[in-house]
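Peer 1: turn this into a model:
(chains A and B)
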Amino acid sequence: MSDELDPILQRAIELARELPAEVPALAHREQVRTSLLARADVPLAAPRPTRRYAVAAFGAVAAAAFGYLATHPAEPAANAADATVMRLEPARAIPRAHGHVHPHATAVLGVGAATPDEIVQLHDGTIDVEVDPLGAGERFRVIVGGSEIEVRGTAFTVVAERDRLLDVHVAHGRVEVRPVGALPMVLDTGATWHAPAVAIVSPAPPPAPVVQEASALVPVPHREPTPRAAPPPPPLTTDQLAYNDAWSALRAHRFHDAAAAFARALAFAPDGPLADDARYWHAVALAREPRAADAIVAFRELLDEHPGSGHHGEASAMLGWLLVDAKQLAEARTRFEAAAADASDDVRASARAGLAALPAR
Amino acid sequence: MSAELGKLLPLRRVTGQVAELSDEALLAACATGDTAALGALFDRFNVAVYRFLSRLPTTDEAARDDLVQATFLEVRRTAGSFRGGSAVKTWLLGVAANVARHQLRGERRRRVHQAKYLEGLAGAAATTPDATIDRRRLMAQIAEALARLPHDQQVAFAMCDLEQLPGVEVARSLGIPEGTLWRRLHHARKAMRAALAGSDRGGR
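Peer 2: Sure thing, here's the model as predicted:
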């Protein structure tokens, strides 16, 4: 465009850029994303029942493929072609606000978090899940290690081993699977997701499902296969597990996975002891991905919600540089000024360099 | 695992890490109905779309989530028409602008949204700790001038001057001749300049 930008117009544009341009918080945008993918035009393979669903016996087959059948011959087995429908024993079901979780004999899981965001953490074994149709703003998720299955009214089976997601089979409805290190995908009725094949060590047969239920999610510690003498790791909370996953991804320079896992840690415990650090490293991961616009929002959230954060100076300086790139110079100046008195020499030097890089007032 | 159990729906047509895929590759995958690619596009551009829509006073804040969803659903529907004449982000914001325009329901509704926008800005400015009275006044004048622009001029100003996207690409993304975009931008700039010059006389 050939209009010459005189100083008055430049000033007007600068002021217009500083007008509030609201971007909702990450958790809200994630809900919009889930809703968007549910609305995307993917035809269902079969009509959905109105309330509850029977669960196909696929889970036992999937478990058998990974060695469970040999240790549990009594588990009902079928193949997908049979499409045999079984009703699980009501006594074994764990009631949830929006359905039931049916653990198979080997399952090790934790359940917790009430509506609107129900979470089941599966560490090992197989569970069948029935979920009633959810209302607006309600969520139901199954977490396996760093992977996540999100559902909006469905029946499905999840197989895991030692916090690694192995299989997801959807009996009815639709779920979104977000495996660690891979693109998310949507599974419809009858669809199955399998993890890439790896060597599996058959676990020793445990006597019964191990379940902990608490007001806050408290995962059950792993159990190692019997030949190994290593002691079980100490119990970790869900946000700690996600935080650890995030750090693993960050160290491996898998910034997208790291950002997602830090976001999950925050979703589990937005006011927890890790929240400050998780917000900071979430923003750093976004900046490194690079998703500068998301990183700007994340840094702003950190500085707004944790004004006493130990990362305040560093975050302010990093945000300042991102804002310089985004041509939001007035706010960049404010952020650099906030970092200029930081205790760290490096942060102060970065802030001074940032201020020097800005045009004179 | 027997072969007949592998009934994964053909939804995951893109391969590799999302970070390795270009915007164009994601859009191409989206055009084939790939829901995972749509999710990845959303991850990459949702902040830009939210920010852009919130800069258009003619859009309803309460319906912004719906506008964002409608934008990405439209992206999915029309991804096959992308010819590479602009960056994907520019094209996507053009889709958002057109979706927003279709959401408008006449002048009365537009004025209601503008009034809400100005009211919100006044509240936001009042809570800004370092905002001087003079600065608040200038910001309010700029906001009012922006709100009074016709929607198409708002879009031209937001895309070219606020988002700093190339005019040629903006015109293509909006499906209008470059001259039309220039005229809209000229009128918008004139109004914005007048808003500031009327009281500030260029002083800082």
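Peer 1: by mean pLDDT, point me to the weakest helix or strand of chain B.
Peer 2: Every helix and strand of chain B was ranked by mean pLDDT, DSSP states H and E. The lowest is helix B:106-126, at a mean of 56.
Peer 1: mind listing what's buried along the helix or strand following that one?
Peer 2: Per DSSP states H and E, the first helix or strand lying C-terminal to helix B:106-126 is helix B:133-148. Buried positions in helix B:133-148, judged by neighbour count with 16 or more other C-beta atoms under 10 Å in any protein chain shown: B:135-136, B:138-143, B:145-147. In this view, the C-beta of every residue, glycine as well, is placed from N, C-alpha and C.
Peer 1: those: which ones sit near chain A?
Peer 2: Among those, the residues lying close to chain A (C-beta under 8 Å from any C-beta of the partner chain) are B:138-139, B:142-143, B:145-146.
Peer 1: gap between A:Val101 and A:Val131?
Peer 2: 9 Å (C-beta to C-beta, to the nearest Å).
Peer 1: make that A:Leu274, sorry
Peer 2: According to C-beta to C-beta, A:Leu274 stands 28 Å off from A:Val131.
Peer 1: do the same with B:Trp91
Peer 2: 37 Å.
Peer 1: are we agreed that A:Ala267 is in a helix?
Peer 2: Yes: with DSSP: H, G, I helix; E, B strand; the rest coil as the criterion, A:Ala267 is located in a helix.
Peer 1: who in the stretch 101-250 of chain A is up against chain B?
Peer 2: Neighbours of chain B within the stretch 101-250 of chain A, by C-beta under 8 Å from any C-beta: A:176, A:181, A:183-188, A:190-194.
Peer 1: try it again with 6 Å
Peer 2: Within the stretch 101-250 of chain A, the positions lying close to chain B (C-beta under 6 Å from any C-beta of the partner chain) are A:183-186, A:188, A:190-193.
Peer 1: confidence-wise, which of those comes last?
Peer 2: Scanning these for pLDDT, the smallest score is found at A:Leu183, 69.
Peer 1: so is A:Lys360 in a helix, a strand, or just coil?
Peer 2: Lys isn't right for residue A:360; it's Ala. Classification of A:Ala360 using three-state DSSP returns coil.
Peer 1: and it, how many residues sit next to it?
Peer 2: If you count neighbours by other C-beta atoms under 10 Å in any protein chain shown, A:Ala360 ends up with 3.
Peer 1: please tell me how far it sits from A:Leu319.
Peer 2: In terms of C-beta to C-beta, A:Ala360 sits 21 Å off from A:Leu319.
Peer 1: for A:Thr102, pull up the helix or strand it's in.
Peer 2: No, residue A:102 isn't Thr; it's His. Assessed by DSSP H and E, A:His102 sits inside strand A:99-103.
Peer 1: meant to ask about A:Ile149, not that
Peer 2: Element membership for A:Ile149 (DSSP H and E) is strand A:147-151.
Peer 1: packing partners for that strand?
Peer 2: Applying 3 or more C-beta pairs under 6 Å, 6 or more residues apart in numbering or on different chains; DSSP states H and E, one finds that strand A:147-151 contacts strand A:139-144, strand A:174-178.
Peer 1: that strand: which residues count as buried?
Peer 2: So strand A:147-151, judged by 16+ other C-beta under 10 Å, has buried residues A:147-151.
Peer 1: and stretch A:336-344, by the same measure?
Peer 2: In stretch A:336-344, counting by 16+ other C-beta under 10 Å, buried: A:336, A:338-340, A:342.
Peer 1: return the subset of those lying in helices.
Peer 2: Secondary structure from DSSP state H places A:336, A:338-339 of the buried residues of stretch A:336-344 in helices.
Peer 1: listing request: residues of the stretch 151-300 of chain A with sub-threshold pLDDT.
Peer 2: A:152-153, A:181-183, A:196-236 (pLDDT under 70).
Peer 1: got phi/psi on A:Asp158?
Peer 2: Slight slip there: residue A:158 is Val, not Asp. As for A:Val158, its main-chain torsions (degrees, to the nearest 10) stand at phi -120, psi 130.
Peer 1: related to what we said a few turns ago, who has more neighbours, A:Leu274 and A:Val131?
Peer 2: A direct count of neighbours by other C-beta under 10 Å for A:Leu274 and A:Val131 places A:Val131 higher, at 26 against 19.
Peer 1: how close does B:Arg193 get to chain A?
Peer 2: According to C-beta to the nearest C-beta, to the nearest Å, B:Arg193 and chain A sit 5 Å apart.
Peer 1: wait, that residue touches A:Pro7, no?
Peer 2: No: at 10.0 Å, B:Arg193 does not count as touching A:Pro7 under the criterion of C-beta atoms under 6 Å.
Peer 1: looking at the two, which one has more neighbours?
Peer 2: Between B:Arg193 and A:Pro7, counted using other C-beta under 10 Å, the more crowded position is B:Arg193 (22 against 12).
Peer 1: element containing the closest residue to the more buried one other than its chain neighbours, please.
Peer 2: Nearest non-adjacent residue to B:Arg193, counting by C-beta to C-beta, 6 or more residues apart in numbering or on different chains: A:Leu9, 4.6 Å away. According to DSSP H and E, A:Leu9 maps onto helix A:7-18.
Peer 1: what about that helix, average pLDDT?
Peer 2: Averaged across helix A:7-18, the pLDDT comes to 88.
Peer 1: now do stretch B:30-38
Peer 2: In this model, stretch B:30-38 has a mean pLDDT of 80.
Peer 1: pull the CA atoms of it into CSV?
Peer 2: The C-alpha coordinates for stretch B:30-38 follow below in CSV (Å, rounded to 0.1, in the frame of the first residue of the first chain):
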residue,chain,number,x,y,z
CYS,B,30,-6.8,-30.4,5.8
ALA,B,31,-8.3,-30.2,2.3
THR,B,32,-8.4,-34.0,2.2
GLY,B,33,-10.5,-34.1,5.3
ASP,B,34,-7.7,-34.7,7.7
THR,B,35,-9.0,-33.8,11.2
ALA,B,36,-5.6,-34.1,12.8
ALA,B,37,-4.3,-31.5,10.3
LEU,B,38,-7.2,-29.2,11.2
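Peer 1: can you give me the neighbour number for the nearest residue to B:Gly80 once chain neighbours are set aside?
Peer 2: Take B:Gly80 and drop its neighbours on the chain: the residue closest to it by C-beta to C-beta, 6+ apart is B:Ala31, 4.1 Å away. Residues within reach of B:Ala31, counting by other C-beta under 10 Å, total 17.
Peer 1: what's the host helix or strand of A:Ala260 packed up against?
Peer 2: Secondary structure from DSSP H and E places A:Ala260 in helix A:255-268. For helix A:255-268, the elements it packs on are helix A:238-251, helix A:275-288, judged by 3+ C-beta pairs under 6 Å, 6+ apart.
Peer 1: and the contacts of the strand holding A:Ile149?
Peer 2: For strand A:147-151, contacts defined as C-beta atoms under 6 Å, 6 or more residues apart in numbering or on different chains pick out A:131, A:140-142, A:165, A:168, A:175-180.
Peer 1: among those residues, which ones are buried?
Peer 2: A:131, A:140-142, A:165, A:168, A:175-180.
Peer 1: using CSV, list the CA coordinates for the helix holding A:Ala260.
Peer 2: What follows is helix A:255-268, C-alpha atoms only, in CSV (Å, rounded to 0.1, in the frame of the first residue of the first chain):
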residue,chain,number,x,y,z
PHE,A,255,9.1,-28.4,22.1
HIS,A,256,5.5,-29.1,20.8
ASP,A,257,5.2,-32.1,23.1
ALA,A,258,6.8,-30.2,26.0
ALA,A,259,4.4,-27.3,25.6
ALA,A,260,1.4,-29.7,25.6
ALA,A,261,2.6,-31.6,28.6
PHE,A,262,3.3,-28.4,30.6
ALA,A,263,-0.2,-27.2,29.7
ARG,A,264,-1.6,-30.5,31.0
ALA,A,265,0.4,-30.1,34.2
LEU,A,266,-1.3,-26.7,34.6
ALA,A,267,-4.7,-28.1,33.8
PHE,A,268,-4.3,-30.8,36.5
